[in-house]
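1. Give me the fold of what follows.
(4 chains)
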There are 2 protein chains.
Amino acid sequence: MPNQKRPPFAENVTADDVAIAAGVSRWTVNRAFRKDASISPKSLQKVMVAAERLGYLPDLRAASLASDRSNLVALLIDDFANPHKLVMMERLTRILRREGWDILLVNTLNRDDAGHALLNASQRRVDAVILIGIQFDDDVLETALQARRFRKLIVFARSSENPDTISIAVDDVGAMTELARYVHQRGYRRPLFVAGPQSHSAHLLRKETFLEYWGKHFSFQPESVTVPAYDPALAATIVMETLSHRGPSDLPDVIVCENDALAMGASDVIRHKLGLEIPKDIAITGFDDVPQADNPNYRLTTYRQPLTEMVEYLVKVLADPEERDLNRLFTGRLIPRHSA
Amino acid sequence: MPNQKRPPFAENVTADDVAIAAGVSRWTVNRAFRKDASISPKSLQKVMVAAERLGYLPDLRAASLASDRSNLVALLIDDFANPHKLVMMERLTRILRREGWDILLVNTLNRDDAGHALLNASQRRVDAVILIGIQFDDDVLETALQARRFRKLIVFARSSENPDTISIAVDDVGAMTELARYVHQRGYRRPLFVAGPQSHSAHLLRKETFLEYWGKHFSFQPESVTVPAYDPALAATIVMETLSHRGPSDLPDVIVCENDALAMGASDVIRHKLGLEIPKDIAITGFDDVPQADNPNYRLTTYRQPLTEMVEYLVKVLADPEERDLNRLFTGRLIPRHSA
DNA sequence: ATTTTTCTTGCTCGCGCGAGCAAATGTAAG
DNA sequence: CTTACATTTGCTCGCGCGAGCAAGAAAAAT
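-> This is a model prediction of the structure:
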């Protein structure tokens, strides 16, 4: 019995207990914990002293039930092999918490599971759902919206065409055009595009933008391959399959990847499997500027999304009560490094 | 007005609405959604049909308020530069959700913030708090326990000495002894130990175990350095500072790191800054077996924690109503690779 | 057919708080 | 010292559900 002096769980101390201790009414106690409420400095003081002594803190479940605002957002996420997810989660959790939002984290296993995950979130009556997974294609979104269960459905870090969602993303067309122009001007002429999962529009946008740019300037469509997940190891396998049996003249001179996760896999293959040098034999570009992109093993030329700015905007969107067009595209920055 | 046919948020349909539609009482409706409840197949069917049609799902806030069980656990986490955190989060979120637990994700910014984060979680009346951060030293734990606000305080993936917390971790002493013996038997004789943040006991355990082993077999304490975060880039800086001005005979022949994040940073320095070869000039070992450890750039000899097994046990701990000793140490596996 | 047992259903009450109003108190103006 | 007005406080009612019991229905036993 280790817990003799210390009961393992506090008997619930409620606002009533504090009210008695402070000599005020229950409602004054609760008001003391709301920033908008009108309360005299004297009673605020009395309440806070009593609350501190009794260890009282308002129950947010009850507050939410009564006010119909939960101050909770659900974060639906998959694609855990992609290191950029860790960066996004860090930024989102830090800034949202600073603004008073709590986060319900849901790992959506696959496309079929996405619907369940959304229902799950809805049962907690979250104020908004933030999607940063790759599995939320238009069908899934449509189904979620049919249920009319969410005040705000925010697609983060990729653009969504759906008119009933709020999309906060980087301008893929502008970004990829900039990357294509860079690759073009550096003199590369035989690109291979490495695309991620085909299930949604945002990243198709990057691929299409690149292919179109190239088609316009050289009147041929560059080769492209698809990797079914943003997983460096998987990307390595696919790139290896694609390139291993080719002679030197058949190899691309630059591999343009939809994001850094894929670029890291491609880079590993070029250097360690094919024994070639980056960027001399084959150059590489990525997208996202994950921390590893700056690692001496990669030194990836990539494109940095203004993540903090995007999350700050997300915070504003969450607080916005109006019903209006909140979609927004952000412009990032090309980060030239050694790889291309 | 994009939402003409589709109101943006469903009017709240409650159990009462379903009850009327199904021709039963409100309590029968709620019972239909509880797996333990006794209800006839006929009324279950009626309720489910009506619920489906109206788009009803029970409100978990209200359920929690009434039953005093939230089915929510808070996950307090920091150290987002460590790639192992992404692995842990994936495993935890996947398995906990499968078992019906929802997760409140809290990013604890620093040690001072840990207390606030705990209070924050307590206001949602979570059933348990899982700590996988590095900032929860005994002082913080003690403060949290003083408040007697948590039914279960689970320290995951590191051992805690505190008798009022439940620790689910790998056996650091056993693991590090195995690693030390491996390094010893491979013939290395001038180790440098790279330790992480000093703020808590678990990782001191790894360091102490290694130093003791070496002291016992060679009667001298190997050198060690401390990195203030599990960040590969930071580890690289510190290791560089430590080694850059030394002649070849002064260099260690093996760098034993407290985990893979540090090992990756050390590896980068050895190969890219010092221009040395691994393992010929300097060998390296890590801990955790993160996905990147198997990457051709690292090929880290490391120690794999049985993470799935540990999370499965965590699930059992969460479901356990009894008040008894639930601490447990797990044994992992040494993964020999090229780096040592 | 009647009694006993089991299963199912409905109900009272309460979980802890907030919206919104009415009463009370305080403050300024005449 | 009143009257007018602003600020603060207390209160009724309801948010949506669950525990636990009592009444009702069904099944089993006599």
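2. what's the helix or strand for A:I95?
-> A:I95 belongs to helix A:83-98 when assigned by DSSP states H and E.
3. Would you list the phi and psi of the residue of the stretch 101-250 of chain A at minimum distance from DNA strand C?
-> Residue nearest to DNA strand C within the stretch 101-250 of chain A (C-beta to the nearest atom of the strand): A:R125, separated by 12.6 Å. The C-beta positions use only the backbone N, C-alpha and C, and glycine is treated the same way. Per-residue torsions, A:R125: phi 50, psi 50 (degrees, to the nearest 10).
4. give me the number of residues near it?
-> 22 (other C-beta atoms under 10 Å in any protein chain shown).
5. returning to what we had before: only alpha carbons, please: show the helix holding A:I95 as CSV.
-> Extracted in CSV, the C-alpha atoms of helix A:83-98 (Å, rounded to 0.1, in the frame of the first residue of the first chain):
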residue,chain,number,x,y,z
PRO,A,83,9.5,12.7,-41.1
HIS,A,84,7.7,15.9,-42.1
LYS,A,85,4.7,14.7,-40.1
LEU,A,86,6.7,15.0,-36.9
VAL,A,87,7.5,18.6,-37.8
MET,A,88,3.9,19.4,-38.5
MET,A,89,2.7,17.8,-35.3
GLU,A,90,5.2,19.7,-33.2
ARG,A,91,4.2,23.0,-34.7
LEU,A,92,0.5,22.3,-34.6
THR,A,93,0.5,21.1,-31.0
ARG,A,94,2.7,23.9,-29.7
ILE,A,95,0.8,26.7,-31.3
LEU,A,96,-2.7,25.4,-30.8
ARG,A,97,-2.1,24.7,-27.2
ARG,A,98,-0.7,28.3,-26.7
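6. Compute the inter-axis angle for it and helix B:83-98.
-> Note on geometry: by axes from the mean of the first three to the mean of the last three C-alpha atoms, to 10 degrees, helix A:83-98 and helix B:83-98 are set 70 degrees apart in direction.
7. Can you tell me what sits against the one helix or strand A:D112 maps to?
-> Assigned by DSSP H and E, A:D112 falls within helix A:111-123. With C-beta atoms under 8 Å, 6 or more residues apart in numbering or on different chains as the test, helix A:111-123 has contacts from A:74, A:76, A:104, A:106-108, A:129, A:133, A:135-137, A:140, A:143-144, A:147, A:149-150, A:199, B:57-60, B:97, B:102.
8. Among those residues, which ones are in strands?
-> Of the contacts of helix A:111-123, the ones assigned to strands by DSSP state E are A:74, A:76, A:104, A:106-107, A:129, B:102.
9. which one of those residues is nearest DNA strand D?
-> In terms of C-beta to the nearest atom of the strand, no member of the ones in strands among the contacts of helix A:111-123 lies closer to DNA strand D than B:D102, at 14.7 Å.
10. And for the closest one, the neighbour number?
-> By the criterion of other C-beta under 10 Å, B:D102 has 22 neighbours.
11. do A:L205 as well
-> 20.
12. Now for it: which residues touch it?
-> Listed by C-beta under 8 Å, 6+ apart, the contact set of A:L205 reads A:159, A:172-173, A:176.
13. most surrounded residue in the residues you listed?
-> So for those (other C-beta under 10 Å), the most neighbours sit at A:M176, 26 neighbours.
14. which residues sit in contact with the residue lying closest to A:A293 once chain neighbours are set aside?
-> Using C-beta to C-beta, 6 or more residues apart in numbering or on different chains and skipping the chain neighbours, the partner closest in space to A:A293 is A:L300 (4.0 Å). Contact analysis of A:L300 by C-beta under 8 Å, 6+ apart lists A:260, A:263-264, A:267, A:284-286, A:289, A:293-294, A:337, A:339.
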